[in-house]
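**Q** 3D, please:
(2 chains)
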Protein chains: 2
Amino acid sequence: MTLKVFADRMSQPSRAVILFCKLSKIDFEEVKIDLFKRQHLSPEFAEINPLQQVPAIVDGRFKLYESHAILIYLACAFPGVADHWYPADVSKRVKIHSVLDWHHLNLRYGAMRYVLHTTLGPALGRPLNPEAAAKAEKTLDSSLSKIESVWLKGSGKFLLGSYQPSVADLSLVCEIMQLEVLDEKDRARILSPYKKIQKWIEATKASTQPHFDDVHGILYRAKIKIQKQREISTLQSKM
Amino acid sequence: MTLKVFADRMSQPSRAVILFCKLSKIDFEEVKIDLFKRQHLSPEFAEINPLQQVPAIVDGRFKLYESHAILIYLACAFPGVADHWYPADVSKRVKIHSVLDWHHLNLRYGAMRYVLHTTLGPALGRPLNPEAAAKAEKTLDSSLSKIESVWLKGSGKFLLGSYQPSVADLSLVCEIMQLEVLDEKDRARILSPYKKIQKWIEATKASTQPHFDDVHGILYRAKIKIQKQREISTLQSKM
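**A** Numbering: from 1, shown residues only, chains lettered A, B, ... in the order given. Presented below is the predicted three-dimensional model:
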């Protein structure tokens, strides 16, 4: 039976898992769980993932959720995955865990909430919240600063000074890509101080094409749509 | 060279790491980094962990931070660690990752903030914040509910229905133990609806004694001290 990946490409951890499957030539069936249609809250999906979040996978009778755990499973359980994604060497491997663990309460927490409270909230039934957005921006900025000064230290282009990307690069870059849907001025203000991060994002994109753009297509299209809505709102407010 | 563990036993992830070393008979030197004295913010400690958090370890020339990554390193790099803590079987192992990943933005986020905003804040230079505490309690309660209904499902006494504890049990139980410092009424209100969780905490304690109580001694003493302070404040407010 083919591996099933339950995902919505508008979700950053979903994109990381789909991208990894494509890069590692893992045969899979993508099952869309539309977050905007609240399909993740359906009783059918609760049978797959009782936490009601995407991504989740089903491999035969084996079910798994949480994107980092899924990436590790895919790297370990499928043949032919290149070692650099999740090295067999314990010292290298646990350094990747260190980044992945740090991610949750730092970059993920900041970026996810900033995007939610400034942009995507209404589509998910939540009003925009400038106060919560301001708090989230602090966490986001502090996280980007740590990525620049701690995690991107070293001679390689990737996290932990590596010369090839790992699953941590996929997870964190997919998170930062979510900022694409922001107002361009906000996005530039947030990212422009961080030169190493900009190079790292480009290096990750370059090393994962054409799959990177394929998996992010939905986000690029959402960016254009949201930008148009912003322009219409601005025009209407001037009338 | 002996493994060095930089920790403050008042920190729940520090306790999980120290407890694991003791349980697995890993020879280590404990170096106290006093959070209340802000020693984690010193330039010397930034050389060990640039993220300025405990726990962190130094094993020869190898440095590592983030408690889950440390637990995995210890389980993999030291001989004689029992398999149940972090099983070699990939399917079992990634299920443990699934719990550990989920932990950060759920139980950890809720419990840490609830304790900070109701009790420990002033000792760390932050005022108490009832509004933030109320928000944190929602996350904490929702997390406990998921532990009860999802992670403790199955026939065993431990997470994922296991018959023996894993590193995930240590991490999550050490987090819940932090609630010891709360006002007893608050603690009872939060934990009493969750019968499976109460049994699981007792099972984890029982299977890790005498080390569990040794490592939590500082917390039990803090509980008594904070309770006395509360009684004095109540008396003073009545005078």
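
**Q** all contacts plus neighbour counts: C-alpha atoms, from now on.
**A** Fine.

**Q** tell me the SS of the nearest residue to residue A:118 once chain neighbours are set aside?
**A** Once flanking residues are discounted, residue A:118 sits nearest to residue A:128: 5.7 Å by Cα to Cα, 6 or more residues apart in numbering or on different chains. Assigned with DSSP: H, G, I helix; E, B strand; the rest coil, residue A:128 falls in the coil class.

**Q** quick one, what contacts residue A:128?
**A** A:116, A:117, A:118, A:119, A:121, A:122 (Cα atoms under 8 Å, 6 or more residues apart in numbering or on different chains).

**Q** Could you dump those into JSON lines with pLDDT and neighbour count added?
**A** Putting the contacts of residue A:128 into JSON lines (pLDDT from 0 to 100; neighbours: other Cα atoms under 10 Å in any protein chain shown) gives the following:
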{"residue": "A:116", "pLDDT": "97", "neighbour count": "22"}
{"residue": "A:117", "pLDDT": "97", "neighbour count": "21"}
{"residue": "A:118", "pLDDT": "96", "neighbour count": "22"}
{"residue": "A:119", "pLDDT": "95", "neighbour count": "19"}
{"residue": "A:121", "pLDDT": "93", "neighbour count": "16"}
{"residue": "A:122", "pLDDT": "90", "neighbour count": "13"}
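
**Q** Pick out whichever of those sits closest to residue A:59.
**A** residue A:116 (31.4 Å; Cα to Cα).

**Q** gap between the closest one and residue B:79?
**A** Using Cα to Cα, to the nearest Å, we find residue A:116 at a distance of 46 Å from residue B:79.

**Q** Helix or strand for residue A:4, just tell me which one.
**A** Assigning secondary structure by DSSP states H and E places residue A:4 in strand A:3-7.

**Q** now what about the next helix or strand after that strand, what contacts it?
**A** Remark: after strand A:3-7, the chain's next helix or strand is helix A:12-23, criterion DSSP H and E. Here helix A:12-23 makes contact (Cα under 8 Å, 6+ apart) with A:5, A:7-9, A:27-28, A:54-55, A:67, A:70-71, A:74, A:167, A:170-171, A:174-175, A:177-178, A:208, A:211-212, A:215-216.

**Q** Helices along chain A, start to end?
**A** A:12-23, A:43-48, A:67-77, A:90-103, A:109-115, A:130-146, A:167-177, A:184-191, A:195-208, A:211-238 (DSSP state H).

**Q** For the ones you listed, give me a markdown table that also has mean pLDDT.
**A** Shown next, in a markdown table, are those (pLDDT from 0 to 100):
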| stretch | mean pLDDT |
| --- | --- |
| helix A:12-23 | 98 |
| helix A:43-48 | 97 |
| helix A:67-77 | 98 |
| helix A:90-103 | 98 |
| helix A:109-115 | 98 |
| helix A:130-146 | 97 |
| helix A:167-177 | 98 |
| helix A:184-191 | 96 |
| helix A:195-208 | 98 |
| helix A:211-238 | 93 |
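
**Q** so which of those gets nearest residue A:159?
**A** In terms of Cα to Cα, the element of the helices of chain A nearest to residue A:159 is helix A:167-177, at 6.3 Å.

**Q** Please list the residues of chain A that sit near chain B.
**A** Counting by Cα under 8 Å from any Cα of the partner chain, the residues of chain A close to chain B are A:50-51, A:62, A:64-66, A:68-70, A:72-73, A:76-77, A:90-91, A:94-95, A:97-98, A:101-102, A:104-105, A:109, A:146, A:150.

**Q** now with 7 Å?
**A** Chain A has residues A:50, A:64-66, A:69, A:72-73, A:90, A:94-95, A:97-98, A:101-102, A:104-105, A:150 near chain B, with proximity defined as Cα under 7 Å from any Cα of the partner chain.

**Q** Sheet partners, orientation included, of the strand holding residue A:4?
**A** strand A:28-32 (parallel), strand A:56-59 (antiparallel) (DSSP bridges).

**Q** how distant is the last one from the center of its chain?
**A** Taking the mean C-alpha point of strand A:56-59 and that of its whole chain, the gap between them comes to 18 Å (Cα atoms, centre = their mean, to the nearest Å).

**Q** And the average pLDDT for that strand is what?
**A** Mean per-residue pLDDT for strand A:56-59: 98.

**Q** Tell me the buried residues in it?
**A** Neighbour counts over strand A:56-59 (16 or more other Cα atoms under 10 Å in any protein chain shown) mark A:56, A:57, A:58 as buried.

**Q** what is the second one paired to in the beta sheet?
**A** Beta-bridge pairing of residue A:57 under DSSP bridges involves residue A:5, residue A:64.

**Q** In contact with it, which residues are there?
**A** A:4, A:5, A:6, A:63, A:64, A:65 (Cα atoms under 7 Å, 6 or more residues apart in numbering or on different chains).

**Q** Quick check: the gap between the residue nearest to residue A:212 when sequence neighbours are not counted and residue B:54.
**A** In space, and not counting its chain neighbours, residue A:212 is closest to residue A:205: 6.0 Å by Cα to Cα, 6+ apart. Distance of residue A:205 to residue B:54, computed by Cα to Cα: 34 Å.

**Q** out of these two, which sits in the busier spot?
**A** Shown here are residue A:205 and residue B:54; by other Cα atoms under 10 Å in any protein chain shown, residue B:54 has more neighbours (25 against 17).

**Q** so what's that one closest to, chain neighbours aside?
**A** residue B:7 (5.3 Å).

**Q** got the contact list for residue A:58?
**A** Contacts for residue A:58 (Cα under 7 Å, 6+ apart) come out as A:3, A:4, A:5, A:64.

**Q** switch to 8 Å and redo it
**A** Taking Cα under 8 Å, 6+ apart as the test, what residue A:58 contacts is A:3, A:4, A:5, A:48, A:64.

**Q** Same check on residue A:7?
**A** Applying Cα under 8 Å, 6+ apart, one finds that residue A:7 lies in contact with A:14, A:15, A:30, A:31, A:32, A:33, A:34, A:54, A:55, A:56.
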